[in-house]
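Trainee: Could you work out the structure for the sequence below:
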Amino acid sequence: MPEGDTVFRTAQRLADALTGRVLTGCDIRVPRFATVDLSGESVDGVVARGKHLFIRAGWASIHSHLKMDGSWRITSARQAIPSWDHRVRAILTTDDFVAIGTSLGILDVVQRGRESDVVGHLGPDLLGADWDPDLAVERLIARSDDALSAVLLDQMVMAGIGNVYCNELCFLAGLLPTAPVRDLADPAGLVECAHTLLHANKDNHRRTTTGDRRPGRELWVYGRHGRPCRRCGTLIARHQGPSRVAYWCPSCQR
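Mentor: Next up, the predicted model:
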């Protein structure tokens, strides 16, 4: 599932292509919203909220969540639109560009003033104007008995962390993903680390948590099963759960 930095970049690309332009076509391929036609409306902006996207046009916000396989891509209006593709859920057309939403996990249309009905439950957004580290720390330590990985992935604690950052943050905290939150030596430091990492990667397609963007050196543990830990040389362990995969160093994380 895309992390918050990926969704942030997607929103930026959509905003660059659509903001200030009039929609000449609006095809929402979800039965409940199939009759919604925002043609003639100007796109006022595109914003990310955690892992949610809102394309604002006229009275409406087109809300989407990428889930596991979703994506938005921009093409020239002069190119052929793959209207035959059954994975396409939305096609927004302007004179210059076309935004195509494919395999979107969630797609609906809400009134502009009702966006909070969709995302009001989320915690402070790590890449948003509402970022509040004190509130994030408060919500983190309130779950002191729960596994650190589960709490980091809870979007009501902090919005934007996915499985990659979750595993990397557990490593940087020196704790197993299954360790309880109460074992954190510095909750505020971990929250600040999460904020720093997402901000450092929000404008880059090659994500890094090590500070090294050279191929193969970007991450500490995620995706490195059976390879030596960059700190101690111990082989990285892996566990495949029903919905998430965990990576950790058996020596550096306790």
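Trainee: alpha carbons only for contacts and neighbour counts from here, please
Mentor: Fine.
Trainee: ends of stretch 110-123, how far apart?
Mentor: 21 Å (C-alpha to C-alpha, to the nearest Å).
Trainee: correction: stretch 84-104
Mentor: 16 Å.
Trainee: contact partners of it?
Mentor: Contacting residues not belonging to stretch 84-104 are listed as 14, 17-18, 21-30, 64-67, 69-78, 82, 107 [C-alpha atoms under 8 Å, 6 or more residues apart in numbering].
Trainee: residues of that stretch that come out buried?
Mentor: Neighbour counts over stretch 84-104 (16 or more other C-alpha atoms under 10 Å) mark 88-94, 97-104 as buried.
Trainee: From the contacts of stretch 84-104, which land in strands?
Mentor: Members of the contacts of stretch 84-104 lying in strands (criterion: DSSP state E): 25-28, 64-65, 71-76, 107.
Trainee: Looks like residue 63 contacts residue 112 (just checking).
Mentor: No: using C-alpha atoms under 8 Å as the test, residue 63 is too far from residue 112 to be in contact (10.1 Å).
Trainee: circling back to that earlier point, which members of the ones in strands among the contacts of stretch 84-104 are classed as buried?
Mentor: By 16+ other C-alpha under 10 Å, the ones in strands among the contacts of stretch 84-104 give 25-28, 64-65, 71-72, 74, 107 as buried.
Trainee: okay, those residues in a markdown table with pLDDT and distance to residue 226 next?
Mentor: Shown next, in a markdown table, are these (pLDDT from 0 to 100; distance: C-alpha to C-alpha, whole Å):
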| residue | pLDDT | distance to residue 226 |
| --- | --- | --- |
| 25 | 96 | 50 |
| 26 | 97 | 48 |
| 27 | 96 | 47 |
| 28 | 97 | 45 |
| 64 | 98 | 36 |
| 65 | 96 | 33 |
| 71 | 95 | 31 |
| 72 | 97 | 34 |
| 74 | 97 | 38 |
| 107 | 98 | 39 |
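Trainee: Out of those residues, which two are the most distant from each other?
Mentor: Pairwise distances across those peak at 21.3 Å for 25 and 65 (criterion: C-alpha to C-alpha).
Trainee: Tell me, how many residues neighbour residue 235?
Mentor: By the criterion of other C-alpha atoms under 10 Å, residue 235 has 18 neighbours.
Trainee: typed the wrong thing, it's residue 146
Mentor: Using other C-alpha under 10 Å: residue 146 sits among 16 other residues.
Trainee: Just the buried residues of stretch 84-104: which are in strands?
Mentor: 88-93, 97-102.
Trainee: sorry, back to before: identify, from the ones in strands among the contacts of stretch 84-104, the entry nearest to residue 47.
Mentor: residue 64 (10.9 Å).
Trainee: The closest one contacts residue 107, correct?
Mentor: Yes: assessed by C-alpha under 8 Å, residue 64 is found in contact with residue 107 at 4.5 Å.
Trainee: which one of the buried residues of stretch 84-104 is nearest residue 169?
Mentor: residue 104 (27.5 Å).
Trainee: how far away is that closest one from residue 141?
Mentor: Per C-alpha to C-alpha, residue 104 is found 33 Å from residue 141.
Trainee: Same question for residue 165.
Mentor: Counting by C-alpha to C-alpha, the gap from residue 165 to residue 141 is 19 Å.
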